[in-house]
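>>> After the sequence you'll find the predicted model.
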Amino acid sequence: MAVKVKIPVPLQRLTGGREEVEGTPGTIISLINDLDQKYPGLAERISEGGKIRRFVNVYVNEEDVRFMKNEETEVKDGDEVSIVPAIAGGGVFCKKGGR
């Protein structure tokens, strides 16, 4: 078995349109680097300097890695990893006080 990784739509162009790919067990950061070997450009959109980017959320079996060991969270055969880009939004404000 391998680690199943769910890829968000904005990154699926790097995985040939695949919604789910498989990676090698280890730590989250080693998994990201492993996937980058198969799908070049993926790691730079998820991590920087060995750390997960602020605007990217990563879950292992539906648990947020920020509440585990972040990039050093272990993943094993059969685990499911979800990569979810954070979405920001809000109202649009004009300088003259209108919306």
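Done, it's in. Source: prediction; values computed, not measured.
>>> Could you list the low-pLDDT ranges of the protein?
Scanning the chain for pLDDT under 70 picks out the ranges 88-99.
>>> Look up the closest residue to E22, ignoring the ones flanking it.
Using C-beta to C-beta, 6 or more residues apart in numbering and skipping the chain neighbours, the partner closest in space to E22 is A2 (3.9 Å). Heads up, the C-betas are built off the backbone N, CA and C, glycines and all.
>>> how many other residues sit next to that neighbour?
16 (other C-beta atoms under 10 Å).
>>> Figure out the helix or strand that the residue nearest the centre of the chain lives in.
The chain has I83 as the residue nearest its centroid, 3.1 Å off, counting by C-alpha atoms, centre = their mean. For I83, the element it lies in under DSSP states H and E is strand 80-85.
>>> That strand - contacts with which helices or strands?
If contacts are counted by 3 or more C-beta pairs under 8 Å, 6 or more residues apart in numbering; DSSP states H and E, strand 80-85 sits against strand 3-6, strand 56-60.
>>> Redo the ones you listed as a markdown table? Include mean neighbour count and distance to Y39.
Listed next are these as a markdown table, based on neighbours: other C-beta atoms under 10 Å; distance: least, C-beta to C-beta, whole Å:
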| stretch | mean neighbour count | distance to Y39 |
| --- | --- | --- |
| strand 3-6 | 19 | 10 |
| strand 56-60 | 19 | 15 |
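>>> Now those strands in CSV, please, with extra columns for distance to G50.
Below are the helices and strands packed on strand 80-85 laid out as CSV (distance: least, C-beta to C-beta, whole Å):
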stretch, distance to G50
strand 3-6, 18
strand 56-60, 14
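>>> Out of those strands, which gets nearest to D34?
D34 lies closest, by C-beta to C-beta, to one member of the helices and strands packed on strand 80-85: strand 3-6, at 9.0 Å.
>>> Perfect, that will be all.
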